[in-house]
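# structural data only, the sequence is not supplied:
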């Protein structure tokens, strides 16, 4: 006897349809699992057999073969347990198959038949909706995130017996929590309220550093990468942690991407929360390659993907190994990271805003007004050389911080608060959204391509002439030219100006050239 149950696997942030084929043949009792299963999938044999026995179902006294198709694609995870169990029951006549047709079944089984949550239900639901499947049978803990996808009927179950009762159509046998819904009552991300900005530090709490606060506001307004350079204790880390509260709320498309990443990482409650916030990730410099870029077995997202549509903060930037920093080249340029392995190639989104901080030298006191730098000759250059030129070339803005005067300590200064700046930045981002409405996946100036910058940023001739003279004088690259123009456009948006003029370009150049030295 043969039975087929639809299931799915997650590949990157895409759902891959998997057909679970169960065949029963005469012969000695055995259980064979084929279709490139990983160790976690092969162990489903023991989980399924124990769950069936403990739920008073019979395991057929026949030769049992389970094929996971397509057979040439590696399968990983425990999400196929429930589909295999229902397929065995359907093939042996202990469960009806009418409701299982056109239904994608996901879930891990405990030995007592409890259905446990699995990773990646949200991207799987999104992918299967495009394939025409309109019903999901998932663990109860995954039901809320699956219901975020419109036009999908979602059935949540907490136990194997509930899944069998639903498949048989037995009225009243499943509890009320195993209900179906097209969209449930979870508010969508685009109408979710803004997060409480008191969760992070306020810009008004930073002593002095008015120029740095201005740079933070410009970076938030245009989505630009930012590097702070200064001695210890002047507020570099605190300024970076103010950034998330300055950024506007996620639009609907961005929020879905963030939720999908949370789902793939197994954070079901956060993925299905009524409100999702822009991520803020601050990995330590001892992080591994797989931890930063993603990888492992199975392949999972790294910190740069977890920071997608948010902020990636790298404190003590030169302390990160150079090969780790060079991994950021592709994500900073393309907004994605490709992870190639022997049997698969996975692409994760990684469009984050980089905020980095570093000391001016190894001891940290170079340029300090009262403390003397103790670095030997040549150590300063070697310390800064840990950051490659191509990485520096991709950072839009550089701000050098100095020790604030003693009279600034204990009072906030004249800068705007985070709440006041957030309102101005949100208006600037709305203008950018209208400007790039026809461009795909562009929400701010930093994401605009060269053609969009030249045609949509509306720069006056005098501004372009000033920028061209700076490029020739300081030998700036073409990438720096484009990024400086984008920063100037963000300054104009923040100031409410229709066109980019010379003063906007002059201010933008200050974040690329200091004391006659170019950032790149």
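Structure's in. What do you need? Treat the numbers as computed from the prediction; the structure is a model and nothing was measured.

# show me what contacts residue 91?
Each residue near residue 91 by C-beta atoms under 8 Å, 6 or more residues apart in numbering is listed here: 1-3, 22-24, 60. (Glycine included, C-beta is placed from N, CA and C.)

# just flag the most distant two among those.
Pairwise distances across the contacts of residue 91 (C-beta to C-beta) peak at 12.8 Å, for the pair 2 and 60.

# give me the common contacts of these two.
Common neighbours of residue 2 and residue 60 (C-beta under 8 Å, 6+ apart) are 24, 91.

# ok, longest strand in the chain?
In terms of residue count, the longest strand belonging to the chain (DSSP state E) is strand 14-25.

# list the pairing partners of that strand within its sheet, with orientation.
Here strand 14-25 is paired, per DSSP bridges, with strand 2-11 (antiparallel), strand 63-69 (antiparallel).

# ok, of the contacts of residue 91, which come out buried?
Neighbour-count burial (16 or more other C-beta atoms under 10 Å) is assigned, among the contacts of residue 91, to 3, 22-24, 60.

# next, count neighbours for residue 201.
For residue 201, the neighbour count with other C-beta atoms under 10 Å is 17.

# that one belongs to a helix?
No - secondary structure of residue 201 (DSSP: H, G, I helix; E, B strand; the rest coil): coil, not part of a helix.

# who are the contact partners of it?
So residue 201 contacts 238, 241-242 (C-beta under 8 Å, 6+ apart).

# what do you get if the cut-off is 10 Å, keeping everything else the same?
235, 237-242, 245, 418 (C-beta atoms under 10 Å, 6 or more residues apart in numbering).

# could you do residue 163 as well?
Taking C-beta under 10 Å, 6+ apart, one finds 82-83, 85-86, 89, 95, 100, 105, 107, 109, 113, 115, 137-139, 155-157, 174, 178 in contact with residue 163.

# chain neighbours aside, what residue packs nearest to residue 404?
Computed as C-beta to C-beta, 6 or more residues apart in numbering, the closest residue to residue 404 that is not its neighbour in sequence is residue 208, at 3.0 Å.

# the one you found sits in which helix or strand?
Using DSSP states H and E, residue 208 maps to neither a helix nor a strand.

# quick check: it vs residue 403, distance?
9 Å (C-beta to C-beta, to the nearest Å).

# got phi/psi on the closest residue in space to residue 321 that isn't next to it in sequence?
Sequence neighbours aside, residue 285 is the residue nearest to residue 321 in space, at 7.8 Å (criterion: C-beta to C-beta, 6+ apart). Phi and psi for residue 285, reported as degrees, to the nearest 10, are phi -70, psi -10.

# my read: residue 285 touches residue 313, true?
No - with contact defined as C-beta atoms under 10 Å, residue 285 does not count as touching residue 313 (11.7 Å).

# tell me which of those two has more neighbours.
residue 313 (23 against 14).

# check the burial of the closest residue to that one other than its chain neighbours by counting its neighbours.
Distances taken as C-beta to C-beta, 6+ apart put residue 282 closest to residue 313, at 4.3 Å, once the chain neighbours are dropped. Neighbour count for residue 282, taken as other C-beta under 10 Å: 15.

# next: residue 42.
12.

# excluding its backbone neighbours, what's nearest it?
For residue 42, the spatially nearest residue (C-beta to C-beta, 6+ apart) is residue 33, at 5.7 Å.

# any idea whether the one you found is helix, strand or coil?
strand.
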